[in-house]
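Trainee: what's the 3D shape of this:
(one chain, ligands or ions: 1)
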Amino acid sequence: MAVESCVSARVGHHHTTTVLVLNAGSSSLKYNLWSGGAELARGTVDRPGSMSAALETAFAAIGSQAVDAVGHRVVHGGGRFDGPVLVDAAVEQAIDELGVIAPLHNPHSLEGIRAVRARMPKVPQVAVFDTSFHHTLPPEAYAYAVPERLGIRRYGFHGISHQYVSQRYAELAGRSPETLRVITCHLGNGCSVCAVEGGRSVDTSMGFTPMEGLVMGTRCGDIDPGAILHLLSTKQTQVDDLRRILNSESGLLAVSGVSNDMRDVLKAVGDGDLRAELGVALFCYRVKKYIGAYLAAMNGADAVVFTGGIGEHSPEVRLRICSGLDWLGVSLNPAANLAVEGEGRIGFGPVAVWVVPTREEMVIARETASLLAGKK
Ligand code: ADP
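Mentor: The predicted model follows:
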């Protein structure tokens, strides 16, 4: 079991709540320790073994610091949770039930919750959902045109990130979120775009599951449902194979033939690799289409905000996405686009363009601490 971590000196105050933030994935457990708005420690534990073993490794790295609460990032909260909740038996059951539609995500969160409870039964646990921010979607944005009895709707994901970067943009622009229309582009391993109007999510590219919308590292994004029926009905693939292919073997990896990591693909583009070029072109074209769609959906926008590993660090991808959109008011400044580090404005047209690094762990820590403060 590998561990990569760092622990910084404790700078918090005695009265502040120390929160352990856990992000349990299929192959790793990410942890961050926060106190009074400061990050004390962070790390990633690869977990070929059990969640409790991974948790022990995290605790060994954190050392003797007392943990007042644990905040979990939970991917799928369905339509049930419009904000963070204290984990109790009913919440656990709900997360468990939603595992049917989020099999790659929710079971790991649940494992994390149970491992924490086994180790420290008295410590309160809070679930912060990636779906909550999107509970404000209007029906025409969340409905699919299928019979209602199927129980299928858009939920949307990456909500913690879209909410944070849209609010942070408002802060940086010195505006109140209620007055703004912002298009947030979260481009990481998973990718999604969100239309935020008056501080509320009004549309987003991920859907019933985190597979819809943009081209991602290994996920296909938008695809004709007829193509899926074709593949299943001609028995070229079984359901489980197709699930794996569309989730783990598609996206940038499949199109480029190089990697799911944008850095590697861009390097191959530089070396003249034509499949890699198609991968990057398709990735950027899809984001550009969604920006156009959300400009229409909100009757315009005040800003486009880039975040996530790719959105924060790839000037080339940002440039390709925004190219040709000047007529809509989206104009990158090439020098600012290249020079930006951390937060900064890179487009000075009528629709401002910004880079705002996402801080999902900080938000989870903050929401966990404030939920507990409110409960006391
Ligand atoms: P996650 O969604 O797992 O949190 P990140 O937000 O860290 O992941 O994003 C990971 C992606 O960011 C990878 O595709 C990686 O290639 C990309 N990335 C990181 N740094 C750069 C960079 N300098 N240029 C291009 N892509 C980058």
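
Trainee: tell me the phi and psi of Phe129?
Mentor: Phi and psi for Phe129, reported as degrees, to the nearest 10, are phi -100, psi 140.

Trainee: spatially nearest residue to it (excluding sequence neighbours)?
Mentor: Leaving aside its sequence neighbours, Phe129 sits nearest to Gly77 (Cβ to Cβ, 6 or more residues apart in numbering; 3.2 Å). In this view, the C-beta of every residue, glycine as well, is placed from N, C-alpha and C.

Trainee: quick one: what helix or strand has the one you found in it?
Mentor: Using DSSP states H and E, Gly77 maps to neither a helix nor a strand.

Trainee: quick one: contacts for it?
Mentor: Residues in contact with Gly77 (Cβ atoms under 8 Å, 6 or more residues apart in numbering) are 94-95, 98, 127, 129-132, 155.

Trainee: could you do Pro107 as well?
Mentor: Counting by Cβ under 8 Å, 6+ apart, Pro107 has contacts Gly99.

Trainee: what pLDDT does the model give the residue nearest to Phe129?
Mentor: Gly77 carries a pLDDT value of 94.

Trainee: equivalent analysis for the one 3 residues further on, please.
Mentor: What the model reports as pLDDT for Arg80 is 88.

Trainee: setting aside sequence neighbours, what's the nearest residue to it?
Mentor: Once flanking residues are discounted, Arg80 sits nearest to Ala94: 5.7 Å by Cβ to Cβ, 6+ apart.

Trainee: checking the one you found next. Helix, strand or coil?
Mentor: At Ala94 the chain is in helix, as set by DSSP: H, G, I helix; E, B strand; the rest coil.

Trainee: next one: the residue nearest to Phe129 relative to the ligand, how far apart?
Mentor: 19 Å (Cβ to the nearest ligand atom, to the nearest Å).

Trainee: returning to what we had before: nearest to the ligand among the contacts of Gly77?
Mentor: Using Cβ to the nearest ligand atom, Asp130 is the member of these that lies nearest the ligand, at 11.4 Å.

Trainee: could you verify my assumption that the closest one touches Gln163?
Mentor: No: Asp130 lies out of contact with Gln163 (Cβ atoms under 8 Å); the separation is 10.1 Å.

Trainee: of these two, who's got more company?
Mentor: Neighbour totals were compared for Asp130 and Gln163, and Asp130 leads with 26 against 22 (other Cβ atoms under 10 Å).

Trainee: residues of this protein that sit close to the ligand?
Mentor: For the chain, the residues in contact with the ligand (Cβ under 6 Å from any ligand atom) are 188-190, 217, 261-263, 266, 308-310, 313-314.

Trainee: okay, and which of those map to helices?
Mentor: Judged by DSSP state H, the subset of the residues of the chain next to the ligand located in helices is 262-263, 266, 308-310, 313.

Trainee: what two of those residues are the furthest from one another?
Mentor: Leu266 and Gly308 (15.2 Å; Cβ to Cβ).

Trainee: about what we covered before: min pLDDT across the residues of the chain next to the ligand, which one?
Mentor: Looking at the residues of the chain next to the ligand by pLDDT, the weakest one is Asn189, with 91.

Trainee: that residue: what's its closest spatial neighbour, skipping adjacent residues?
Mentor: Nearest residue to Asn189, sequence neighbours excluded (Cβ to Cβ, 6+ apart): Gly217, at 4.5 Å.

Trainee: quick revisit: wait, what's in contact with the residue nearest to Arg80?
Mentor: Ala94 neighbours (Cβ under 8 Å, 6+ apart): 77-78, 80-81.

Trainee: from Gly78, how far out is it?
Mentor: Ala94 sits 7 Å away from Gly78, going by Cβ to Cβ, to the nearest Å.

Trainee: what do those two both touch?
Mentor: Overlap of the contact sets of Ala94 and Gly78 (by Cβ under 8 Å, 6+ apart) is empty.

Trainee: the closest residue to Ala373 other than its chain neighbours: neighbouring residues, count only.
Mentor: Spatial nearest neighbour of Ala373, chain neighbours left out: Thr17 (7.2 Å); criterion: Cβ to Cβ, 6+ apart. Residues near Thr17, counting by other Cβ under 10 Å, number 20.

Trainee: next, the residue of the stretch 51-200 of the chain found nearest the ligand: phi, psi?
Mentor: As assessed by Cβ to the nearest ligand atom, the ligand sits closest to Gly188 within the stretch 51-200 of the chain, at 2.6 Å. Main-chain torsions, Gly188, degrees, to the nearest 10: phi -130, psi -140.

Trainee: now do the contacts for it.
Mentor: By Cβ under 8 Å, 6+ apart, Gly188 lies in contact with 308-311.

Trainee: ok, Ala115 next?
Mentor: By Cβ under 8 Å, 6+ apart, the residues touching Ala115 are 50-52, 54-55.

Trainee: can you flag which of these belong to helices?
Mentor: 51-52, 54-55.

Trainee: need the strands for this protein, in chain order.
Mentor: For the chain, the strands defined by DSSP state E cover 3-7, 18-24, 28-35, 38-46, 69-74, 85-86, 125-129, 181-187, 191-197, 200-204, 303-307, 344-347, 352-355.
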